[in-house]
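> with the input below, show me the fold.
(2 chains)
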Amino acid sequence: DQQVKQNSPSLSVQEGRISILNCDYTNSMFDYFLWYKKYPAEGPTFLISISSIKDKNEDGRFTVFLNKSAKHLSLHIVPSQPGDSAVYFCAASYAGNNRKLIWGLGTSLAVNP
Amino acid sequence: DAEITQSPRHKIIETGRQVTLACHQTWNHNNMFWYRQDLGHGLRLIHYSYGVHDTNKGEVSDGYSVSRSNTEDLPLTLESAASSQTSVYFCASMRGGADNEQFFGPGTRLTVL
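Numbering: from 1, shown residues only, chains lettered A, B, ... in the order given. Purely as a prediction, here's the structure:
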């Protein structure tokens, strides 16, 4: 049973517009969430994270929003650039054992020039 | 610069053969992980280690083994390779504590014929 769900396998946006990638989770024990980006033939790289005590974290063009009551988080990329085209993975960790990450299946983002 | 490397990057082997995939990190991280990535399945945890001589099974550990004789290395062995083990394998390491970002290697593409 998938505890971290990325329900959109793919997303296509125009360069300069906003990209919104969504992630839902089922386990209320998760207290830390991360987004990773993966290019073809490379390993995933960390992008941004958020603790459950916050509802927003921003880093340049990337913002992650957390809605604990809805068990939902989203990654906003503004403005989107062609170099942002990649697979984005959402991951979560449990309170008390933050070393294991539970991963979503990923969303493939295509940013069109 | 500290890094995490995997070798080989590509490997083709016959069914039933044994193969070992190497993972080496120079961050001195205690925590290391092996994942496989397959279409439609995201990243699935195979084995992980929280320190020297510590190994643990992940969600898809059957047919795989690991050993941790030092901090830097976590080799993954397929004792008798099966076609179902054709996949891309990623190694990751993590410092732990308050920081649960995992750093990934570039991956090994393994084909079992």
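> quick check: residue A:53 is in a helix.
No - membership of residue A:53 in a helix is not supported by DSSP: H, G, I helix; E, B strand; the rest coil, which gives coil.
> pLDDT at it, what is it?
Listed pLDDT for residue A:53 reads 93.
> measure it to residue A:66 for me?
10 Å (Cβ to Cβ, to the nearest Å). Placement of C-beta: from N, CA and C, glycine included.
> more neighbours: which of these two?
Each of residue A:53 and residue A:66 had its neighbours counted (other Cβ atoms under 10 Å in any protein chain shown), and the higher figure belongs to residue A:66 (20 against 9).
> ok, what's across the strand from the more buried one?
Note on residue A:66: beta-bridge partners residue A:73, judged by DSSP bridges.
> ok, now which ones touch it?
If a contact means Cβ atoms under 8 Å, 6 or more residues apart in numbering or on different chains, then residue A:66 has A:33, A:50, A:52, A:54-56, A:72-73 as its contacts.
> ok, now residue A:93?
Taking Cβ under 8 Å, 6+ apart as the criterion, residue A:93 is in contact with A:30-34, A:99-102, B:100.
> got phi/psi on the residue lying closest to it once chain neighbours are set aside?
What sits nearest to residue A:93 in space, not counting adjacent residues and going by Cβ to Cβ, 6 or more residues apart in numbering or on different chains, is residue A:32, at 4.7 Å. With angles defined as degrees, to the nearest 10, residue A:32 shows backbone torsions of phi -150, psi 140.
> so what's residue A:32 scoring on pLDDT?
For residue A:32, pLDDT reads 91.
> same question for residue B:1.
Turning to residue B:1, the model gives it a pLDDT of 69.
> returning to that earlier point: adding neighbour count, write the contacts of residue A:66 out as TSV.
Listed next are those as TSV, based on neighbours: other Cβ atoms under 10 Å in any protein chain shown:
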residue	neighbour count
A:33	25
A:50	20
A:52	16
A:54	13
A:55	12
A:56	10
A:72	14
A:73	25
